[in-house]
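Chemist: Okay, structure incoming, though there's no sequence with it:
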């Protein structure tokens, strides 16, 4: 009887328009609109652009000019140097045409504000001063070694090194796509409500007939749950494949991503079973509760606006630990950003506990339902 119920549950689910729309079509449409809205922001690969800087020349230090010109050469130079008179340089700095003004006469720097580009310019001057001091000392004490030392010091200078912590994409806009999966998994609760209502004798005529059958309630519930889990898991994989074809890079940890989606679907279904067990409410009211819960938890996971999850993390971090949408999106983030599985493993442990706990509660509630008469 288990496989009989399982087979017909699968057939019924595949014919349910609400299931296909909310967990397949809606996430795909939302992901497409987000990808189109972000445009070129999704394809940013460069970590920095050449820093524009104004140089006020001084006869006392032509060596610094030579170094700055060397740093402005090549296909992807570190600096974009413009030689100006002091009034013109100060005007360009005020109008934010350049990031700083370098005076070669005393090797000094003038900037409007402290930021990454200002720190980069300051590092260039500090390293130049160090090389200048070492060369002056060697030129005084051991002039014969000066050419070799100069070549070695200049060859060892690394002002900027591009590094990455993983093979995945670390673009902040990808958090929106992670939240889409969290929302889609939680929306599996809609199908659970619809199917469980058909098992309850006090809710539907079909539920009354099924309760009169010799089939055990646990067998029927298990068959329905597994059918729901398989269908929604496959749907999530379809959404994942579509977004990857669209151009969203989720990294290459596909088995780990599949585990996230499987546990996420399980949690969404368990929430739906618990809501469906509230027998005094109509199906429409139960659906309303499921929509409210799913959207609220997804918004807290940065579905609509960035920064909400971070704000909660700094003020009420426990909410992020018990919010399945946040844990699901953070699991995607951990896979794409970190090169080890420590954070991901912790999230999987949390999701597993949630899934088992919610499933146990839902089975316990359904198992205790008794009917005086049918």
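Modeler: Great, that's in hand. Keep in mind it's a predicted model, so treat the numbers as computed, not measured.

Chemist: what sits against residue 71?
Modeler: 77-79, 81, 124, 159 (CB atoms under 8 Å, 6 or more residues apart in numbering). C-beta coordinates here come from the backbone N, C-alpha and C atoms, glycine included.

Chemist: So what's the predicted local confidence for it?
Modeler: Model confidence at residue 71, expressed as pLDDT, equals 81.

Chemist: ditto for residue 42
Modeler: 58.

Chemist: now do residue 272
Modeler: 92.

Chemist: How about residue 164?
Modeler: Looking at residue 164, its pLDDT stands at 51.

Chemist: for residue 244, same thing?
Modeler: 92.

Chemist: Just give me the neighbour total for it.
Modeler: 12 (other CB atoms under 10 Å).

Chemist: Look up the closest residue to it, ignoring the ones flanking it.
Modeler: residue 250 (6.4 Å; CB to CB, 6 or more residues apart in numbering).

Chemist: Tell me the spacing between the one you found and residue 303.
Modeler: Here residue 250 is placed at a distance of 17 Å from residue 303 (CB to CB, to the nearest Å).

Chemist: neighbour-wise, which of those two wins?
Modeler: residue 303 (25 against 19).

Chemist: List the residues that contact that one.
Modeler: Neighbours of residue 303 in contact, by CB under 8 Å, 6+ apart: 176, 179-180, 182-183, 325.

Chemist: Which two among these are spaced furthest apart?
Modeler: Distance extremes for the contacts of residue 303: the farthest pair is 176 and 325 at 12.6 Å, using CB to CB.

Chemist: When you filter the contacts of residue 71 down to buried only, what's left?
Modeler: Buried members of those, counted by 16 or more other CB atoms under 10 Å: 78-79, 81, 124.

Chemist: Let me know the closest of those residues to residue 31.
Modeler: residue 78 (37.2 Å).

Chemist: which residue packs closest to that closest one, ignoring adjacent ones?
Modeler: Residue 78 sits nearest to residue 71 (CB to CB, 6+ apart), 4.8 Å away.

Chemist: likewise residue 313?
Modeler: Using CB to CB, 6+ apart, the closest residue to residue 313 is residue 320 (5.4 Å).

Chemist: Next, report how far the helix or strand where that neighbour lies is displaced from the centre of its chain.
Modeler: Using DSSP states H and E, the element containing residue 320 is helix 317-322. In this view, helix 317-322 has its centroid 17 Å away from the chain centroid, taken as CA atoms, centre = their mean, to the nearest Å.

Chemist: just the strands in this protein please.
Modeler: 51-56, 79-83, 100-103, 108-110 (DSSP state E).

Chemist: Just send those strands back as a markdown table, with distance to residue 267 and mean pLDDT too.
Modeler: Formatted as a markdown table, the strands of the chain follow (distance: least, CB to CB, whole Å; pLDDT from 0 to 100):
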| stretch | distance to residue 267 | mean pLDDT |
| --- | --- | --- |
| strand 51-56 | 47 | 90 |
| strand 79-83 | 52 | 88 |
| strand 100-103 | 52 | 90 |
| strand 108-110 | 54 | 89 |
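
Chemist: got JSON lines for those, with distance to residue 276 too?
Modeler: Shown next, in JSON lines, are the strands of the chain (distance: least, CB to CB, whole Å):
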{"stretch": "strand 51-56", "distance to residue 276": "60"}
{"stretch": "strand 79-83", "distance to residue 276": "63"}
{"stretch": "strand 100-103", "distance to residue 276": "64"}
{"stretch": "strand 108-110", "distance to residue 276": "67"}
